[in-house]
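Novice: Could you look at this predicted model? Sequence included:
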Amino acid sequence: MSGPVPFIPDTHDSRHLQLKAVLLAVWVVFSFGVCFFARDLEFMVAGWPVNYWLAAQGCVLVFIGIVVLYAWAMNRFARQDDAAAASAESSRNG
């Protein structure tokens, strides 16, 4: 029986921080930038003005997309970290 797993202080390495920075920048652009300039978007899509669609629906859909992308990327990072840990463990034991 092994002891408790030691705390790994570098859980938020550069991959995680870069992902968070990019997704936060996308969120800021769509939440504030698009809504700020929405009055200037004066063309129609499917019978609705684009400025109304972006303000009412578009930013919410972008936010949902950001959450889904973040969850997918974090799962991918976790799989990569688990594979690297398993490889290090097997090389240490073998």
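Specialist: Yep, that arrived. Residues are numbered from 1 along each chain as shown.
Novice: Could you use CA atoms for every contact and neighbour count after this?
Specialist: Will do.
Novice: At the geometric centre of the protein, which residue do we find?
Specialist: Tyr70 (2.9 Å; C-alpha atoms, centre = their mean).
Novice: Could I get the contacting residues of it?
Specialist: The contact partners of Tyr70, by C-alpha atoms under 8 Å, 6 or more residues apart in numbering, come to 19, 23.
Novice: Kindly provide the distance from it to Arg79.
Specialist: As judged by C-alpha to C-alpha, to the nearest Å, Tyr70 and Arg79 stand 14 Å apart.
Novice: same deal with Lys20?
Specialist: 18 Å.
Novice: Go through the helix or strand in which the residue nearest to the centre of the chain is found and flag the buried ones.
Specialist: Assigned by DSSP states H and E, Tyr70 falls within helix 59-93. By 16 or more other C-alpha atoms under 10 Å, the buried positions in helix 59-93 come out as 59, 62-63, 66, 70.
Novice: In JSON lines, list these along with pLDDT and distance to Val34.
Specialist: Output for the buried residues of helix 59-93, formatted as JSON lines (pLDDT from 0 to 100; distance: C-alpha to C-alpha, whole Å):
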{"residue": "Cys59", "pLDDT": "80", "distance to Val34": "8"}
{"residue": "Val62", "pLDDT": "88", "distance to Val34": "11"}
{"residue": "Phe63", "pLDDT": "90", "distance to Val34": "13"}
{"residue": "Ile66", "pLDDT": "95", "distance to Val34": "16"}
{"residue": "Tyr70", "pLDDT": "96", "distance to Val34": "21"}
